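> Have a look; sequence and predicted model below, questions after that.
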Number of protein chains: 2
Amino acid sequence: MQNSLKNIFPNFSNELISTIEENGSLQDFETGTILMRTGQYIKNTVLITKGKIKIYREGEDGGEFLMYYLQPGQACAISMICTAKSEKSQIMAKVVEDVTVMMIPLQMMDKWMMEHRTWYEFVIDTYRSRFEEVLEVVDNIAFRSMDERLEFYLKRHSDTCGCQEVNLSHQEIASELNTSREVVSRLLKKMEQRGLVKLNRNQIELLK
Amino acid sequence: MQNSLKNIFPNFSNELISTIEENGSLQDFETGTILMRTGQYIKNTVLITKGKIKIYREGEDGGEFLMYYLQPGQACAISMICTAKSEKSQIMAKVVEDVTVMMIPLQMMDKWMMEHRTWYEFVIDTYRSRFEEVLEVVDNIAFRSMDERLEFYLKRHSDTCGCQEVNLSHQEIASELNTSREVVSRLLKKMEQRGLVKLNRNQIELLK
DNA sequence: AACGCACAGTAACATTTATCACAGAAGATT
DNA sequence: AATCTTCTGTGATAAATGTTACTGTGCGTT
């Protein structure tokens, strides 16, 4: 166990790993579980050790506008920021691949910042990388048109999962980009004509 | 001096105030100065004691897409995040009202986090509030149409400056919302017809 | 085989936003 | 006063995106 946590968070010191194991609790959640809801108070800092979590903003119409994904070795920046003041969450977090997470009581957050250099660095780095990711989202919606955003979206998918197939329906993609299915279908068809993708049912193959 | 810094940052402990005065340097910058540029390395953490700084993202066409403003008592979250790893900035920072800022060498950042509880809290709170502000920006561009965004923009202006007048040209507003002047003119005209604003040259009065 | 259902393609149309073209109004400069 | 510049207003048009409506297709269930 010590070993596996160390593998997933290689930068953590051994003492920190032990401390986490003493104070945190490992929990499993199934795909579809909503771990955090807009307006909800946050009671734990969350480290992901397995699976994948989607962080998104919910539109009035139920759209799930994608901010970013959390994967093993990462942590929820929002939960860190908010726990520090026990604030309300401003986003939604949904499990998209069965996860195992380490739940850490909020009091530990501050304490460890002072006691564990590697925790401090991890937290700062988490803030930085998530902030950057959100800035990139802003860039995309502010400056790019839908076809560019769609291409970017698909590229990001294949980058994070390491494969060339995106197994999502047009409807799901539309929801994450806050547009309609028809638009996604149209744009994908154009991309297919340009030879960038091959379209199958519930699957998009990236060719280039 | 000790007194004034304490007034602007009331939560800072007296020891922290003294430490800041020993290690930081006060600097003035005129309106129009660009304090930070996309891609530039960051060497200081910046505390604002006077004036106003605009944080924005630059479009290819030179647009200045507004993220948020920094005012006295606040700090640049980006500079804090990036200094910690001496990373490149992802944004632009421009003085929009002559400022006085306290520049703090990046080495202090980490050191004080451990030594000064009030600094730690300030930094965490800065992260949190800026993150939230950026999330709100995402909300606006993702889910709202231009007329709503314009109303929100004007409201935010009057909230932060405390007055009912916005002294900007339509062109400047258009740039910050990444749209064109014509669109802003038209939408403002509609708002005037609805009795929400009164339009003067280089000034918009908010009526409600 | 027949049916139901989620997914995908597409045409027609509506709406929003961007762009172009031009004109007038308010200040600033000479 | 005459001239210039910047800011604002507005019509015409184009382009992108959203909406409606309908069709077809693959797949699982009965």
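Looks like it arrived, so ask away.

> got a list of what A:Ile34 touches?
Under the criterion of Cβ atoms under 8 Å, 6 or more residues apart in numbering or on different chains, the neighbours of A:Ile34 are A:Met92, A:Ala93, A:Lys94, A:Val95. (Glycine included, C-beta is placed from N, CA and C.)

> can you put these in TSV and add distance to DNA strand C, neighbour count and secondary structure?
Output for those, formatted as TSV (distance: Cβ to the nearest atom of the strand, whole Å; neighbours: other Cβ atoms under 10 Å in any protein chain shown; DSSP: H, G, I helix; E, B strand; the rest coil):
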residue	distance to DNA strand C	neighbour count	secondary structure
A:Met92	20	20	strand
A:Ala93	22	24	strand
A:Lys94	16	19	strand
A:Val95	18	21	strand
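
> Can you add distance to A:Glu205 and pLDDT and give those back as CSV?
Below are those laid out as CSV (distance: Cβ to Cβ, whole Å; pLDDT from 0 to 100):
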residue, distance to A:Glu205, pLDDT
A:Met92, 29, 94
A:Ala93, 29, 94
A:Lys94, 26, 95
A:Val95, 26, 95
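
> Just give me the closest of those to B:Phe152.
Comparing the contacts of A:Ile34 against B:Phe152 with Cβ to Cβ places A:Met92 closest, at 21.6 Å.

> So that closest one is in contact with A:Gly62, correct?
No. Between A:Met92 and A:Gly62 there is no contact under Cβ atoms under 8 Å: 10.9 Å.

> is it true that A:Gln27 touches A:Val101?
Yes. Here A:Gln27 reaches A:Val101: they are 5.8 Å apart, a contact under Cβ under 8 Å.

> ok, these two, which is more surrounded?
More crowded of A:Gln27 and A:Val101, by other Cβ atoms under 10 Å in any protein chain shown: A:Val101, with 26 against 13.

> That one and A:Met36 touch, don't they?
No. Using Cβ under 8 Å, A:Val101 makes no contact with A:Met36, being 11.2 Å away.

> Write out the residues of chain A neighbouring DNA strand D.
Applying Cβ under 7 Å from any atom of the strand, we find that chain A lies next to DNA strand D at A:Ser145, A:Met146, A:Asp147, A:Asn178, A:Thr179, A:Ser180, A:Glu182, A:Val183, A:Arg201.

> How about residues contacting the worst-scoring helix or strand of chain A on mean pLDDT?
Across the helices and strands of chain A, mean confidence by mean pLDDT, DSSP states H and E is lowest for helix A:77-83: a mean of 78. Applying Cβ under 8 Å, 6+ apart, the contact partners of helix A:77-83 are A:36, A:41-46, A:55, A:87-91, A:93, A:106, A:109, A:123, A:126-127, A:130-131, B:124, B:127-128, B:131.

> Report the buried residues of the longest helix along chain A.
Determined from DSSP state H, the single longest helix within chain A is helix A:117-143. Within helix A:117-143, the residues that qualify as buried are A:118-120, A:122-128, A:130-132, A:134-135, A:137-143, counting by 16 or more other Cβ atoms under 10 Å in any protein chain shown.

> Could you list the contact residues of chain A toward DNA strand C?
So chain A meets DNA strand C at A:169-171, A:181-182, A:185-186, A:188-189, A:199, A:201-203 (Cβ under 7 Å from any atom of the strand).

> No more questions from me, cheers.
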